[in-house]
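Student: Using only what follows, build the 3D model:
(4 chains)
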There are 2 protein chains.
Amino acid sequence: MARNLQDHILQTASALFYSQGIKATGVDAIVKAAGTTKMSLYKYFPSKDDLVLAHLSKSREAMLNRILIGMEQRASEPKQKLLAVFAVFDELSSSPEFRGCPFINAAAEFAEAANPVQRAAAEFSDTFQQVLTDLARQAGARDPEALSQQLAMLISGAIVSEQRRRESGAMRTAAAAAKVLIEQSLACAE
Amino acid sequence: MARNLQDHILQTASALFYSQGIKATGVDAIVKAAGTTKMSLYKYFPSKDDLVLAHLSKSREAMLNRILIGMEQRASEPKQKLLAVFAVFDELSSSPEFRGCPFINAAAEFAEAANPVQRAAAEFSDTFQQVLTDLARQAGARDPEALSQQLAMLISGAIVSEQRRRESGAMRTAAAAAKVLIEQSLACAE
DNA sequence: AATAATACATACCGGTCTGTATAGTTGCAA
DNA sequence: TTGCAACTATACAGACCGGTATGTATTATT
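Tutor: Down below sits the predicted model:
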């Protein structure tokens, strides 16, 4: 399974944090699920906070990878790639393990503005936004920043909606809106 | 200030729950902020969970009122009212006390699907959605349910975005997208 | 003046949380 | 075989949480 104990602990913790919430997941539960002990956990992660940040960092990489790969598989043209992002998220949100966006959820759990969790969430959000903006620019959008922000808002809105009502088809409805917005942004540009 | 102690406690708790998060707000902190004691709190609210649900119920009423009144003040035609909703949320999210959507945040804090908090969040979401759908139908949208879902997703997406980056103008960018979607939905209908 | 309702003050209980201390076990390598 | 490092096992410290018990002060009603 896991190459080493540290990875195994992080993987176990990550799954629990995502499925049950971070504050709702105690260190003891992580240790038991991973089949190890607190001493080993605290050897690799000086505190639960460090473990949480490692979880978010890992989730960031995993999420971005999944988005980029899924996009690449589905389309080659920038405009089609923008639409493919919605297909990727549709797939993600159709999985039975889907529990919403790990960053939105984590940020809601740690409300204080100065909390490192907030920074981690913003970091992912910025990176993702940048990907979309680049694609929008390549596609020739009139206002690439505005368009990509709108698409990102549709996606996070759909994630929240799908989290509240499973199988609501929110992501596909969002994709339809995206199509209209993209067409309109490209039409005005030429 | 407050007509009676019960309202005063609820109001204090509500403010703390919203600004700091629910799990992060202890009963002692509420009691201290309200200038009362635990005994009095537990006289009116049998448990913290009851207080949390009362807070969500109160927030639901307050939010819906604010939306409906703000909408009424700004527009009279259905189509204009749909756009006015974005202006209302823009005002809301510009306030320094803005901390995101109380329902999205609460639902993220209480992840278990069966939790009453989830039901409370879904309840608000459904009611709000219904308001938008009615307006979309009155305006003559081709697919009122789809349009209202898209508008709702833009709004929650913008709320999340604005929560992450204050003063990002997310709500106004969302409003621009809404305008396009509404126009398009009405154009195709006639 | 007696009574009842409301709220306050304070101490406490059981449970859970993060984090640590201490001791024992396994496996591998020189 | 001996030694060392990684890991396990378990118990515990200290803080904090939700919730309760006991008793008192204040006010209004009758």
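Student: where does chain A dip in pLDDT?
Tutor: Applying pLDDT under 70 to chain A flags residues A:1-3, A:188-190.
Student: try it again with 90
Tutor: By pLDDT under 90, the weakly predicted segments of chain A are A:1-6, A:35, A:39-40, A:112-114, A:167, A:187-190.
Student: Name the SS class of residue A:120, please.
Tutor: At residue A:120 the chain is in helix, as set by DSSP: H, G, I helix; E, B strand; the rest coil.
Student: That one: what's it in contact with?
Tutor: A:53, A:56, A:57, A:60, A:103, A:106 (Cβ atoms under 8 Å, 6 or more residues apart in numbering or on different chains). (C-beta placed from N, C-alpha, C; glycine too.)
Student: buried residues in the stretch of helix or strand residue A:126 belongs to?
Tutor: Residue A:126 is part of helix A:116-139, with elements assigned from DSSP states H and E. For helix A:116-139, the neighbour count (16 or more other Cβ atoms under 10 Å in any protein chain shown) marks A:117-118, A:120-121, A:124-125, A:128-129, A:131-133, A:135-136, A:139 as buried.
Student: and if you look at stretch A:103-110?
Tutor: For stretch A:103-110, a neighbour-count test (16+ other Cβ under 10 Å) marks A:103, A:104, A:105, A:106, A:107, A:108, A:109, A:110 as buried.
Student: That one vs DNA strand D: in contact?
Tutor: No: in terms of Cβ under 7 Å from any atom of the strand, no part of stretch A:103-110 sits within range of DNA strand D; the closest distance is 14.5 Å.
Student: Just checking that stretch against chain B, any contact.
Tutor: Yes: counting by Cβ under 8 Å from any Cβ of the partner chain, chain B has neighbours in stretch A:103-110: A:104, A:105, A:107, A:108, A:109, A:110.
Student: isn't the fourth one right up against residue B:110?
Tutor: No: at 10.2 Å, residue A:108 does not count as touching residue B:110 under the criterion of Cβ atoms under 8 Å.
Student: Could you report the neighbour count for residue A:148?
Tutor: Residues within reach of residue A:148, counting by other Cβ atoms under 10 Å in any protein chain shown, total 24.
Student: Quick one: distance of the helix or strand hosting residue A:181 to the chain centre.
Tutor: Element membership for residue A:181, per DSSP H and E: helix A:170-189. With Cα atoms, centre = their mean, to the nearest Å as the basis, helix A:170-189 stands 21 Å off its chain's centre.
Student: Kindly format the C-alpha coordinates of that helix as CSV.
Tutor: What follows is helix A:170-189 as a C-alpha-only set of coordinates in CSV (Å, rounded to 0.1, in the frame of the first residue of the first chain):
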residue,chain,number,x,y,z
ALA,A,170,-26.0,20.8,-10.8
MET,A,171,-22.6,20.4,-12.6
ARG,A,172,-24.3,19.8,-15.9
THR,A,173,-26.5,22.8,-15.5
ALA,A,174,-23.5,24.8,-14.7
ALA,A,175,-21.7,23.5,-17.8
ALA,A,176,-24.7,24.7,-19.9
ALA,A,177,-24.3,28.2,-18.4
ALA,A,178,-20.6,28.0,-19.0
LYS,A,179,-21.1,27.3,-22.7
VAL,A,180,-23.3,30.3,-23.1
LEU,A,181,-20.8,32.6,-21.3
ILE,A,182,-17.9,31.2,-23.3
GLU,A,183,-19.6,31.6,-26.6
GLN,A,184,-20.7,35.1,-25.7
SER,A,185,-17.2,36.1,-24.6
LEU,A,186,-15.6,34.8,-27.8
ALA,A,187,-18.3,36.2,-30.1
CYS,A,188,-17.8,39.7,-28.8
ALA,A,189,-14.1,39.4,-29.2
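Student: got the angle for that helix vs helix A:116-139?
Tutor: Calculated by axes from the mean of the first three to the mean of the last three Cα atoms, to 10 degrees, helix A:170-189 forms an angle of 50 degrees with helix A:116-139.
Student: what separates residue A:5 from chain B, distance-wise?
Tutor: Separation of residue A:5 from chain B (Cβ to the nearest Cβ, to the nearest Å) stands at 27 Å.
Student: returning to what we had before: can you tell me which of the residues of stretch A:103-110 next to chain B is closest to DNA strand C?
Tutor: Using Cβ to the nearest atom of the strand, residue A:109 comes nearest to DNA strand C of these, at 12.0 Å.
Student: Return the residues in contact with the closest one.
Tutor: Residues counted as contacts of residue A:109 (Cβ under 8 Å, 6+ apart) are A:21, A:22, A:23, A:117, B:21, B:23, B:108, B:109.
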